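# Make a model of this:
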Amino acid sequence: MIDWLQHTSGGLITLAVLSIAVLLLLIIKVKVEPFIALIIVALLVALVAGVPVSDLVGSAQKTSDSLLEKGFGSILGHIAAIIGLGTLLGAILEASGGAQVLMDKLMTAFGEKRAPVAIGLAGLIFGVPVFFDIGIFVLAPLVYVAAKRSGKSIVLFSMPLLAGLSVMHAFMPPHPGPVAAAGLLGVSLGWIIIMGLAVAIPSWFVGGVLYSYWIGKRIDVPVPEEMLAAAEQAREENGDREPPSLGLVLGIIGLPLVLILAGTFGSILLQQGSRPYSVATFFGTPAVALTISVLLAFWLLGMRRGMTREKIAELSGASLKPVAMILLVVGAGGFFGAVLAATGIGKTLATELSGLGLPVIALAYVISCVIRVAQGSATVAIVTTAGIVAPVLSDLNYSQPQLALVVMAIASGSIIASHVNDGGFWIVSRYFGLSVKETLQSWTVVETILSVVGFVVAALLSLVV
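As a prediction, this is how the structure comes out:
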């Protein structure tokens, strides 16, 4: 039996399927932390597949060449600084009142009749640097007020916002999922930004505007009074603070994206080794671009507007605490992917897929959907799926745009069908006063539409790039 698992195509594929099943069992039934479950499964797969212990964990004298350390280190070295800096950028933008400025300007520009679209655009823009749940926390009070003024259902105003935050969190750097997948598949973040916008915007329009307008007229949920009281309290707390200008907020959000894109296209258009090439490469490195943006934000949105160094330090420390678990999950996912590559499972999958004629982008989407629906976490779905498909892609000579579209397919699958095993489901239900049935009818369907449209757009783009 062991020999069959180690040396036959059927055995290796069976081992891959069993590894996913055991991973889901540990996370869902046994309630093991995802990063621990990933380590356990990766170790078991390696041992069953016959990977020598010295290759797997090294020796007492030297562990730096082991699959364990290289799997963790290679991905964390790529993403840790990006995720940490992105988190700091979102924190200072949130604390400075940037969200309020953005929402006010959009509401003025679009008018009350198109307020849901304005709120959705605010989620789309502010969702670039801010985590999904933080975006809800900051922008939800503005949704309460808009819904109360209009006298219409809160669903009509909340779903466009949630769709905007969701697509940015799923598809765009510096969020953990797309950054981790880019690192595991070796994709430039410049291409992730380009393809992320190409996929996110139509997905948001279909799910966050068209469906949200339709369902918002069919589920009538008034704004609870306690939510309005919370919104009023938040407005009073920020009332004595001079808000930043819209141009400054948009500039801080857009600067790192522009620098990263300049670095990506500079590497293509400029002569390698020239001074312009070096300048574009340096400033377009994601960690450098984000560092510049964070420092500018600390000065322009923080200290120049009266925020003390102590307050900034306190804000930074508080915002970085949730990042630790994300990094652990991503590192363990990198180890899992390294094991799949070392055991030959990835190449076996590639061979079988080429025989079946099944596109890798479709496989990536389906795997990501299954893992997402089964265990609820989008980040775990992205990291696990990227680890599985990375060895498959290693021999296929995909271009950077094609690899970026595979990342988009994985990210699309990771947000499908948010339901009761997803923390985001309960955040939405709690913050907007929706029952479980109403949340399933609105939020769950919106997420599924975002997922399907995202995959369809990515698949269509993969035919022409």
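# what residues are up against the nearest residue to residue 207 once chain neighbours are set aside?
Spatially, and ignoring its direct neighbours in sequence, residue 207 is nearest to residue 449 (3.7 Å; CB to CB, 6 or more residues apart in numbering). Yep, even glycine has a C-beta here, placed from its N, CA and C like the rest. Counting by CB atoms under 8 Å, 6 or more residues apart in numbering, residue 449 touches 203, 206-207, 211.
# 10 Å instead, please
Shown in contact with residue 449 (CB atoms under 10 Å, 6 or more residues apart in numbering): 163, 203-204, 206-208, 210-212, 416.
# next one: residue 185
Listed by CB under 10 Å, 6+ apart, the contact set of residue 185 reads 192, 337, 364, 386-387, 389-390, 393-394, 398, 400, 403-404, 406-407, 410.
# Check residue 49 too.
Contacts for residue 49 (CB under 10 Å, 6+ apart) come out as 2, 5-7, 11-12, 15-16, 19, 339-340, 342-345.
# if you set the cut-off to 8 Å instead, what comes out?
Applying CB under 8 Å, 6+ apart, the residues contacting residue 49 are 5-6, 12, 15, 339, 343-345.
# Identify those among the residues you listed that sit within strands.
Judged by DSSP state E, strands contain none of these.
# Most neighbours of all these, which one?
Using other CB atoms under 10 Å as the neighbour test, these are led by residue 339, with 28 neighbours.
# out of the contacts of residue 449, which are buried?
163, 203-204, 206-208, 211-212, 416 (16 or more other CB atoms under 10 Å).
# In TSV: those, plus secondary structure and pLDDT.
What follows is the buried ones among the contacts of residue 449, written out as TSV (DSSP: H, G, I helix; E, B strand; the rest coil; pLDDT from 0 to 100):
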residue	secondary structure	pLDDT
163	helix	97
203	helix	98
204	helix	97
206	helix	97
207	helix	97
208	helix	95
211	helix	96
212	helix	95
416	coil	96
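# Quickly name whichever of those residues is closest to residue 35.
Lowest distance from residue 35 to the buried ones among the contacts of residue 449 (CB to CB) belongs to residue 416, with 22.6 Å.
# Wait, that closest one touches residue 448, no?
Yes: between residue 416 and residue 448 there is a contact under CB atoms under 8 Å: 5.4 Å.
# Mind putting the buried ones among the contacts of residue 449 into a markdown table with distance to residue 333?
Compiled in a markdown table, the buried ones among the contacts of residue 449 are given as follows (distance: CB to CB, whole Å):
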| residue | distance to residue 333 |
| --- | --- |
| 163 | 26 |
| 203 | 24 |
| 204 | 27 |
| 206 | 30 |
| 207 | 27 |
| 208 | 29 |
| 211 | 32 |
| 212 | 32 |
| 416 | 19 |
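# returning to what we had before: just put the contacts of residue 449 in a markdown table and tack on distance to residue 127.
What follows is these, written out as a markdown table (distance: CB to CB, whole Å):
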| residue | distance to residue 127 |
| --- | --- |
| 163 | 10 |
| 203 | 13 |
| 204 | 10 |
| 206 | 17 |
| 207 | 14 |
| 208 | 11 |
| 210 | 19 |
| 211 | 18 |
| 212 | 15 |
| 416 | 18 |
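# what's the closest of these to residue 223?
Among these, residue 212 lies closest to residue 223 (CB to CB), at 16.4 Å.
# Grab the nearest non-local neighbour of that closest one.
Of all residues not flanking residue 212 in the chain, residue 159 sits nearest, at 3.7 Å (CB to CB, 6+ apart).
# Which strand or helix spans that neighbour?
Using DSSP states H and E, residue 159 maps to helix 154-171.
# swap in residue 461?
Per DSSP H and E: helix 445-462 holds residue 461.
# Let me see the mean pLDDT of that helix.
Helix 445-462 comes out with an average pLDDT of 97.
# Compute the distance from the centre of that helix to the centre of its chain.
Relative to its chain's centre, helix 445-462 lies at 15 Å (CA atoms, centre = their mean, to the nearest Å).
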